[in-house]
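# Next come a sequence and a model predicted from it.
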Amino acid sequence: MKWQAEAPTNIALIKYMGKKDATSNIPLNASLSYTLDNLRSFVELEQTINSADSWEPLQDPRATFIPELNTIEQQRFLRHLALLKKQFNYTGNFIVRSANNFPAGCGLASSAASFAALTLCAVQALTALSHAEPMDRTAMAELSRQGSGSSCRSFFSPWVLWRDAKVAKVNLPYQDLLHHVAVVSHQKKLVNSSEAHRRVQTSALFNGRVERAEQRLIELSHSLAHQEWRAAYLTVWQEFWDMHALFQTAKQPFGYLQPASLTVLDYLSEYWENNGDGPLITLDAGPNVHMLFRADQAAMANEIKNTLAKNFEVI
Ligand code: PMV
């Protein structure tokens with residue numbers, strides 16, 4: 001028997017950085033994200049008589065990027081499957097296949113999409129195999145969070161708030177934002193996000209971080225609700241710089257920004273200054289620059305995309 005599922009990734013505008021509880025991924029502060037419905041992971045599970053679960057790339061015409069999961073990443077993915085099997089007291093094994101329609105491992109939050117898709121697929125398979133009651137999305141999001149924190153936000157769309165163990169859709173305007181990302185590098189990160197969550201807490205600037213994130217969440221929710229786009233842009237801009245400053249000032253400093261990231265950021269902030277308007281701009285734990293445009297900014301999004309595409313890959 002085979003089961004299939006897919007899930008989108010999401011981009012946080014107020015970031016999840018730092019954990020209260022590392023085993024079950026309870027965040028130190030609440031985060032607010034926008035679900036990127038076009039950037040998706042696809043997962044297939046096939047029952048096997050093999051003595052253990054295993055992973056292999058999924059061949060699927062929709063999945064244009066085959067992830068090259070190293071041993072540690074495969075183990076992490078399979079550990080999450082083991083946790084899901086345990087929930088259902090299931091002792092059989094699966095071959096897990098996965099792929100994305102976007103490049104993995106470069107700050108495009110591919111783990112959010114792939115862990116959400118794995119959770120959806122495994123719950124579907126395990127519910128059928130163990131004749132269990134159907135599980136609702138909130139319960140699935142909670143399970144998914146234990147594999148990858150940010151994946152719990154991929155169960156809802158478009159605006160999602162995650163605080164402690166609770167994740168839910170929030171009603172805000174701008175339901176059809178356009179997303180582009182300037183991919184300045186495909187290189188895998190040297191410091192993964194679990195390590196980043198640990199190291200930021202050693203920075204002297206971590207003092208007050210939770211309060212700053214919570215304050216920005218209030219400001220951003222207000223700006224979005226009142227359609228004050230420029231105020232939203234300024235809050236989101238401060239928030240990603242705050243996170244990257246924590247990376248750079250950890251006791252064992254690290255960073256993801258590349259010279260090309262700064263070139264893109266300079267161009268975009270100048271664009272805002274010259275035009276009095278522009279996209280929301282953010283970076284995850286990676287060098288690539290994410291842009292969110294309002295639906296009425298479609299022409300602007302095209303102009304900016306074409307300008308950036310002269311020097312960078314823009315998705
Ligand atoms: O879900 P994790 O543990 O990969 O953490 C992701 C953290 C950031 O992407 C940097 C921020 C966020 O809120 O998604």
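Cool, the structure landed. Numbering: from 1, shown residues only.
# Using the three-state scheme, assign the closest residue to residue 246 other than its chain neighbours.
Across the structure, with CB to CB, 6 or more residues apart in numbering as the measure, the residue nearest residue 246 apart from its sequence neighbours is residue 200 (4.1 Å). (Glycine included, C-beta is placed from N, CA and C.) The assignment at residue 200 comes out as helix when based on DSSP: H, G, I helix; E, B strand; the rest coil.
# can you pull the contacts of residue 200?
By CB atoms under 8 Å, 6 or more residues apart in numbering, the residues touching residue 200 are 17-18, 206, 209, 243, 246-247, 250.
# what about the nearest residue to residue 137 once chain neighbours are set aside, distance to residue 33?
Once its chain neighbours are removed from consideration, residue 137 has its nearest residue in residue 155; the separation is 4.9 Å (CB to CB, 6+ apart). Shown here: residue 155 relative to residue 33, a distance of 11 Å by CB to CB, to the nearest Å.
# How about residue 307?
Separation of residue 307 from residue 33 (CB to CB) stands at 27 Å.
# Any regions of the stretch 101-250 of the chain where pLDDT drops low?
Within the stretch 101-250 of the chain, the ranges that satisfy pLDDT under 70 run 104-107, 109-110.
# As a check, name the ranges of all strands in it.
Secondary structure of the stretch 101-250 of the chain by DSSP state E, counting those that start in this stretch: the strands cover 159-163, 166-169, 178-183.
# in terms of contact, does residue 122 touch residue 81 like I think?
Yes - counting by CB atoms under 8 Å, residue 122 sits close enough to residue 81 to count as a contact (5.8 Å).
# Tell me which of those two has more neighbours.
Ranked by neighbour count (other CB atoms under 10 Å), residue 122 and residue 81 place residue 122 first, with 29 against 23.
# now the strands of the stretch 101-250 of the chain as JSON lines including distance to the ligand and mean neighbour count?
Converted to JSON lines, the strands of the stretch 101-250 of the chain look like this (distance: least, CB to the nearest ligand atom, whole Å; neighbours: other CB atoms under 10 Å):
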{"stretch": "strand 159-163", "distance to the ligand": "8", "mean neighbour count": "21"}
{"stretch": "strand 166-169", "distance to the ligand": "12", "mean neighbour count": "17"}
{"stretch": "strand 178-183", "distance to the ligand": "13", "mean neighbour count": "22"}
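# quick one: the helices in the stretch 151-300 of the chain?
The residue ranges that make up the helices of the stretch 151-300 of the chain, judged by DSSP state H, counting those that start in this stretch, are 193-199, 209-225, 229-248, 259-275, 298-309.
# Including distance to residue 111, could those helices go into JSON lines?
Converted to JSON lines, those look like this (distance: least, CB to CB, whole Å):
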{"stretch": "helix 193-199", "distance to residue 111": "7"}
{"stretch": "helix 209-225", "distance to residue 111": "21"}
{"stretch": "helix 229-248", "distance to residue 111": "17"}
{"stretch": "helix 259-275", "distance to residue 111": "20"}
{"stretch": "helix 298-309", "distance to residue 111": "25"}
